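# Turn this into a structure:
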Amino acid sequence: VQPDSLFRIASVSKPFTGVALMKLFEAGKLDLDRKALDILLDLVPPRGQMADERMRAITVRNLLQHTGGWDDHNMDQAVYQQIPVAAADYFAVKSPPSARLALRYALSNIPLQFDPGSSWGYSNLGYAILGRVVEELSGQRYEDFVMANVLAPAGITRMRIGGSLLEQRLPGEV
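Down below sits the predicted model:
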């Protein structure tokens, strides 16, 4: 490890996503109570086969507050961790699939654990959806919008989205 080594930040990215969404809110581009799937029409699962119709009620606010209906701690982790592989197979694309394809697959195969807004459950899936909301409303890639509007003003200039495969490791990434 060197002083300029790059580390994966994992869930520390959630506050960055939240700040990015608040920037869009301040700019008048986001209504926190808007249904997430009304913003992300391309995420509606193939052939409209949602794993749980309650997903249509999930708002951006629900996802920000981890009240969307998924709870990572109460999911079958083997199924959850296999989403990228299963999505690549389902859509017949090279693995790993795009984040959008993985989310489309998840929405058609992973039901909610509770009604949106009725309980709290830590959700990586919910924040993955929020990343796509940032892209849709900003018209930019998530990485580009967060760099320009959240990190650069704080003096952070070397953040990059990590790859899924070892051969995609960035120079200097540990």
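# List the contacts of the spatially most central residue of the chain.
Centrality entry for the chain: nearest residue to the mean C-alpha point is A128, 0.8 Å, by CA atoms, centre = their mean. Applying CB atoms under 8 Å, 6 or more residues apart in numbering to A128 gives the contacts A99, A102, L103. (Glycine included, C-beta is placed from N, CA and C.)
# From those residues, pick the one nearest H66.
L103 (16.8 Å; CB to CB).
# can you list contacts of the lowest-mean-pLDDT helix or strand in the chain?
When each helix and strand of the chain is scored by mean pLDDT, DSSP states H and E, helix 77-81 comes last, with a mean of 72. Applying CB under 8 Å, 6+ apart, the external contacts of helix 77-81 come out as D72, N109, I110, L125.
# And for the last one, the neighbour number?
By that I understand L125. Neighbour count for L125, taken as other CB atoms under 10 Å: 21.
# Name the nearest residue to it, ignoring sequence neighbours.
Nearest residue to L125 in three dimensions, chain neighbours excluded: W70, at 5.1 Å (CB to CB, 6 or more residues apart in numbering).
# what about the one you found, is that helix, strand or coil?
Applying DSSP: H, G, I helix; E, B strand; the rest coil to W70 yields a three-state assignment of coil.
# shouldn't it be in contact with G121?
Yes: applying CB atoms under 8 Å as the test, W70 and G121 come out as touching, 6.1 Å apart.
# out of those two, which sits in the busier spot?
Taking other CB under 10 Å, W70 and G121 do not tie; W70 has more neighbours (27 against 18).
# residues contacting the more buried one?
So W70 contacts I110, L112, Q113, G121, S123, L125, G126 (CB under 8 Å, 6+ apart).
# any chance of those residues in TSV, plus pLDDT and distance to Y90?
Listed next are the contacts of W70 as TSV, based on pLDDT from 0 to 100; distance: CB to CB, whole Å:
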residue	pLDDT	distance to Y90
I110	88	13
L112	94	20
Q113	94	22
G121	95	25
S123	94	21
L125	93	16
G126	96	21
